[in-house]
Every structure is written in structure tokens, then in C-alpha cells.
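> Build me a model:
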Amino acid sequence: MANKQTNDGNARSKKPRIKVTKNGPYLVSGGVPLTEQLICVDAHGECTGWQEEKVYPVTETYALCRCGQSKTKPFCDGAHLKTGFDGAETATRQQYLDRARNIAGPTLRLTDAEGLCASAGFCQRAGSIWKLVERPDDPEATKEITRQACECPSGRLVVWDREGRAIEPDLPPSIGLVLDPDAGMTGPLWVRGGIPIESADGAIYEIRNRVTLCRCGKSSNKPFCDGSHLENESRV
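Model (predicted):
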């Protein structure tokens, strides 16, 4: 029985998890892969997709900077202690569907929780996802709506089929460091694949396929990104 308990404990410790520490970094455990994810844009400035850049060596645990002041980004170097970083979590604990507005189209339904927006820009392509979803039945528009919603890193936008099923991208548990070369700056942490995020007080935020966590330290929706990095010019 003792061996079984030990084995069970080891199994639990290896499950991906992110812990938000009080006024400190994100503690990542479970051997979560970490990469740089580049927002690709065309000659007209429209976002066209994601491109994986640097791949970091996989380690069982690591601490990611949350204050935006570390000199060893993306990792924490203790700068939050020197700067007096206020990392108080202000995000609502309300479930996504309880806060999202519904936009019903002829073929698809779109849910939109604007407060989660990380300003990645994929939703502005082809006139914007909000205009596309209201178009009459059009296979190309349907394809573009689905693509834009699935490319949204924050999960602000989710598209649903006629049977009421969410259409979600297949994302393995991993973290992407968003790079936005068009804006000339870094973006949030793109948390993928339903990794549980635990608040400093021990509560678990709603587990979702994709969310974005603030890493500039300026979000008013901590620990989640609200696009403040664009205003504060958060750079690598």
C-alpha cells in the first residue's frame, strides 16, 4: 500500500500545473514544454498564423517572470522582490460562458468574452470575425471564422457548430511565449491544452484549452493578459 501511495503521489506531481505565487513568478511543474510562438503577418499587416521559434529544453519545474522586470526572461530572477511588484490577482472567477456574449450566425455561433482579449489580432482578418459570422451561408466564410477563433490565443473567442459543440484546436499541454514582431514587442504566456492554473490563494481558475497569462506585470486582469503590453511596450 505504501508503494502504491508513493507511485500515485509521483504521478500527481508530474501532471502539468501552473501556480501563481503572491507577488511573484508563475511556478510551472509537470515538465511542460516551453517555446517561443511568433505571430506571422503578411505585407498588409494582417495576421496569417503562428510559427514556432525557439524551443527550450524541457525541465520538470521552472519559474516564469510575472513582473516584467527580470533580466533573464522568460525566467524569474527575483526582480519582483527588488521592484516591489504588486501581483494581486484581480481576474473574475466567473466561468467563460457566464460572461461571454453570444453572436448567432446562419451556420455558426460565436461567443466573445472581451475582457480576456490579448490583442493578438487574428480576429481582424477578412473584415473581422464579427462581420463574417453574420454572413449568409458561405463555406469560405465558415472556414475563416473557425480559423480565426481557433488562432485566438486567449480563448476570448470560441466558435460553436449547429449542434452546440465548441470547435477547439487540438493543443497539447504547453506554454508559448508570444512574440509580436509587427508591434515590435513580446506578448503574454500562451497556456495551451487545459493546464490547471492555481491562484495564490489555492483556488483553480476555470480550466480551458487556451488562455493567456500576463508577463509584463501591467495587466488590470491579473493573472490574465488584457493587452497592456501593447501600451507599455513590453520587450524581450
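> Can you classify P57 by secondary structure?
Classification of P57 using DSSP: H, G, I helix; E, B strand; the rest coil returns coil.
> show me the contacts for it.
With contacts defined as Cβ atoms under 8 Å, 6 or more residues apart in numbering, P57 has no neighbours. (Glycine included, C-beta is placed from N, CA and C.)
> With P172 as the reference, measure out to it.
17 Å (Cβ to Cβ, to the nearest Å).
> Check Y205 too.
20 Å.
> Spatially central residue in the protein, please.
In the chain, the residue lying closest to the centroid (Cα atoms, centre = their mean) is T212, at 2.2 Å.
> With just CA atoms, put the host helix or strand of that one into CSV.
Per DSSP states H and E: T212 is located in strand 210-213. What follows is strand 210-213 as a C-alpha-only set of coordinates in CSV (Å, rounded to 0.1, in the frame of the first residue of the first chain):
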residue,chain,number,x,y,z
ARG,A,210,-6.2,28.1,-24.2
VAL,A,211,-5.7,31.2,-22.1
THR,A,212,-3.1,34.0,-21.9
LEU,A,213,-1.3,35.0,-18.8
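> how far does that strand sit from the chain's center?
When distances are taken as Cα atoms, centre = their mean, to the nearest Å, strand 210-213 is centred 2 Å away from the chain's centroid.
> what's downstream of the lowest-mean-pLDDT helix or strand in the chain, the next helix or strand?
Lowest by mean pLDDT, DSSP states H and E among the helices and strands of the chain is helix 2-13, with a mean of 44. Sequence-wise, the next helix or strand downstream of helix 2-13 (DSSP H and E) is strand 17-20.
> what about Y205 and P172, which has more around it?
Using other Cβ atoms under 10 Å, the more surrounded residue of Y205 and P172 is Y205, with 20 against 10.
> I'd say that one and I197 touch.
Yes - Y205 is within contact range of I197, at 4.7 Å (criterion: Cβ atoms under 8 Å).
> hmm, back to that, per-residue confidence averaged over the strand holding T212?
Per-residue pLDDT values over strand 210-213 give a mean of 98.
> Which other helices and strands does the following helix or strand past that strand contact?
Remark: after strand 210-213, the chain's next helix or strand is helix 228-232, criterion DSSP H and E. If you count contacts as 3 or more Cβ pairs under 8 Å, 6 or more residues apart in numbering; DSSP states H and E, helix 228-232 packs onto strand 185-192.
> from the middle of its chain, how far away would the helix or strand just after the strand it packs on be?
On the C-terminal side of strand 185-192, the closest following helix or strand by DSSP H and E is strand 197-198. With Cα atoms, centre = their mean as the basis, strand 197-198 stands 13 Å off its chain's centre.
> just checking, what packs against strand 197-198?
Strand 197-198 sits against strand 17-20, with contacts defined as 3+ Cβ pairs under 8 Å, 6+ apart.
> I204 is in contact with E198, correct?
Yes - counting by Cβ under 8 Å, I204 is a contact partner of E198 at 5.5 Å.
> more neighbours, the two?
Ranked by neighbour count (other Cβ under 10 Å), E198 and I204 place E198 first, with 16 against 11.
> How many residues are close by G217?
If we define neighbours as other Cβ under 10 Å, then G217 has 22 of them.
> That one and Q69 touch, don't they?
Yes - the criterion here is Cβ under 8 Å, and G217 meets it with Q69 at 6.9 Å.
> Identify the contacts common to the two.
Counting by Cβ under 8 Å, 6+ apart, the shared contacts of G217 and Q69 are F85.
> Can you give the contact residues for stretch 74-91?
Here stretch 74-91 has contacts from 20-25, 34, 62-67, 69-71, 177, 189, 199-201, 205, 215, 217, 220-224, using Cβ under 8 Å, 6+ apart.
> Alright, I will stop here.
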